[in-house]
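In: here's a sequence, model it:
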Amino acid sequence: MFDGLGKKLGVVFDRLRGRGALSEADVDLALREVRTALLEADVALSVVRDFIDAVRPKAIGADVVRSVTPGQMVVKIVHDHLVEMLGGATTDLDFQAVPPVVVLMVGLQGSGKTTSTAKIAYRLTQGPQGMAGDAFGGSFAVRRKVLMASLDVVRPAAQQQLKILGEQAGVATLPIVPFEQPLSITRRALEEARKGGFDVLMLDTAGRLAIDEKLMAEVAAVRDLAKPTETLLVADAMTGQDAVVTARAFNEKIGVTGIVLTRVDGDARGGAALSMRAVTGRPIKLIGVGEKIDALEQFHPDRIANRILGMGDIVSLVERAAETIDKEDADKLAAKIRKGQFDLDDLASQLRQLRKMGGMQGLLGMLPGAAQAKAAMASGKLDEKLLRRQEAIIQSMTPKERRNPDMIHASRKRRIAAGAGMQVQDVNKLLKQHAEMQKMMKRVNKLGEKGFMRSLGNMMPPGFPRG
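Out: The predicted structure is shown next:
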């Protein structure tokens, strides 16, 4: 979502980093370009103005002038203010109240409210299982018993949708009673949650295509009855500044405690995220990064700021790897590599692993110098679909061929290519890639890890990011 903004700011700060000293005019010019980049990213004008007004005094201050690397100091100042704008460090959900803790989900129709309700409930029931370290720390570090209830009696099949999502996620839902009204459903849900010993009750309120008084009155009545600990506003990142208007209205009339931003994996310009936090004073707590039930991430302002400014997000990368990589499989692969036994089955396994972690684009976005890395990938014409094509080629081989690629000659190549719907030259490229990887594995064993990494760094093309 922040790729466009990150690219524009990267150009500005690359020029600053390249200067030995900075004058006030240099800083003013850079901040004007930062202002333009933020406005083009759909950040509200008032938010941009406040941001620049806060950054400028520090960027031309004595600390920067006396700094050995003034360009880096300015980047740090902008980084710190971005973190503050995005919500500081308080993005955890609050579950300190006496159970059942009520979470009220509010937002406009089509924002992804019902799906987000199910995603959060699913994560809460999973606890730390299968998650890396503090990837979902605090409120998500304990497995909880969750009940979901739909209060949407207007949208056709809304209650049925939540029930189906609950079945898919393995989360309990309140039985549907035809023609029951929102306040009655809320009372029944509260009673059921108490009797059933549920830790959390999630109430999915009705939405509208636009804000109206009837909607606000209904949500306010539910809020007064349920007394939620968390009131989460679900907003679609693709709606731009309209999401900011929605956030302001809900916060003023209902009082939200946090924001859940959906469709972050789309091509939204990112300004809504920056503006909503600044306008409401409420943090973005969670982000939806896909359609699947587990496609939900905790929002870390410092990590997002790092990614916007091209500093990478190594912590999230490590967490994602730990979530998807099976330790036993990794140990087996490491043992095979040490013996120089890396076959095509192992290559297929690594291709699948790479796709699970988000593919090349997803991983590059978390590395320092992401913009340069993506540019290098584009110039090399590396297609994301290449991973799937290579996997298809390997699957067209017999088990014996995968274990012993040397036996794959002309007739076998034609058969494999036909089976995968590819050309013979595609098969040749894959076999060549595997042979080069085998050579690399042997080199690792010969030089040791440190010696190999030094030699690998020397082999990289000029301008390719080295970390």
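In: what's near enough to touch Asp345?
Out: Contact analysis of Asp345 by Cβ atoms under 8 Å, 6 or more residues apart in numbering lists 394, 399, 402-403. Placement of C-beta: from N, CA and C, glycine included.
In: if we use 7 Å, what do you get?
Out: 402-403 (Cβ atoms under 7 Å, 6 or more residues apart in numbering).
In: same thing with Ala158?
Out: Listed by Cβ under 7 Å, 6+ apart, the contact set of Ala158 reads 114, 150, 152.
In: let me know the pLDDT of it.
Out: pLDDT, Ala158: 91.
In: repeat that for the one 5 residues further on.
Out: Predicted confidence (pLDDT) at Lys163: the value is 96.
In: number of nearby residues for it?
Out: Look at Lys163: counted by other Cβ atoms under 10 Å, it has 17 neighbours.
In: just to be sure, it is in a helix?
Out: Yes - counting by DSSP: H, G, I helix; E, B strand; the rest coil, Lys163 is part of a helix.
In: so it is in contact with Ala172, correct?
Out: No - assessed by Cβ atoms under 7 Å, Lys163 is found out of contact with Ala172, at 10.1 Å.
In: ok so, going back, most neighbours of all the contacts of Ala158, which one?
Out: When neighbours are counted as other Cβ under 10 Å, the busiest of the contacts of Ala158 turns out to be Ser150, with 28 neighbours.
In: and that one, how far from Leu162?
Out: As for Ser150, its distance to Leu162 is 4 Å (criterion: Cβ to Cβ, to the nearest Å).
In: common neighbours of these two, please.
Out: By Cβ under 7 Å, 6+ apart, the residues touching both Ser150 and Leu162 are Asp204.
In: okay, Asp331: pLDDT?
Out: So, for Asp331, pLDDT stands at 63.
In: next one: Lys7
Out: At Lys7, the model reports a pLDDT of 75.
In: give me the number of residues near it?
Out: Using other Cβ under 10 Å: Lys7 sits among 16 other residues.
In: for the stretch 251-400 of the chain, what spans make up the strands?
Out: Secondary structure of the stretch 251-400 of the chain by DSSP state E, counting those that start in this stretch: the strands cover 258-262, 284-288, 296-298.
In: mind checking how far the first one is from the chain centre?
Out: On the basis of Cα atoms, centre = their mean, to the nearest Å, strand 258-262 is displaced by 12 Å from the centre of the chain it belongs to.
In: which strands border that strand, and is each parallel or antiparallel?
Out: strand 230-236 (parallel), strand 284-288 (parallel) (DSSP bridges).
In: hmm, back to that, by mean pLDDT, show me the worst of the strands of the stretch 251-400 of the chain.
Out: Minimum mean pLDDT among the strands of the stretch 251-400 of the chain: strand 296-298, a mean of 85.
In: and that strand, what does it pack against?
Out: helix 113-126, strand 284-288 (3 or more Cβ pairs under 7 Å, 6 or more residues apart in numbering; DSSP states H and E).
In: quote the end-to-end distance of stretch 126-143.
Out: From its first residue to its last, stretch 126-143 covers 6 Å (Cα to Cα, to the nearest Å).
In: before we move on, what about stretch 279-290?
Out: End-to-end distance of stretch 279-290: 26 Å, with Cα to Cα as the criterion.
In: do stretch 173-190 as well
Out: Start and end residues of stretch 173-190 are separated by 12 Å (Cα to Cα).
In: chain center to that stretch, what's the gap?
Out: Offset of stretch 173-190 from its chain centre (Cα atoms, centre = their mean): 34 Å.
In: the helices in the stretch 201-350 of the chain, which residues?
Out: Using DSSP state H, counting those that start in this stretch, the helices of the stretch 201-350 of the chain run over 213-226, 241-253, 271-280, 301-308, 314-324, 327-338, 344-356.
In: next, count neighbours for Cys437.
Out: To be clear, residue 437 is Met; Cys isn't right here. Residues near Met437, counting by other Cβ under 10 Å, number 15.
In: now swap in Val171 and tell me
Out: Number of residues near Val171 (other Cβ under 10 Å) recorded here: 23.
In: also Arg15?
Out: 14.
In: now do the SS call for it.
Out: helix.
In: nearest residue to it in space, please, no chain neighbours.
Out: Ala30 (7.3 Å; Cβ to Cβ, 6 or more residues apart in numbering).
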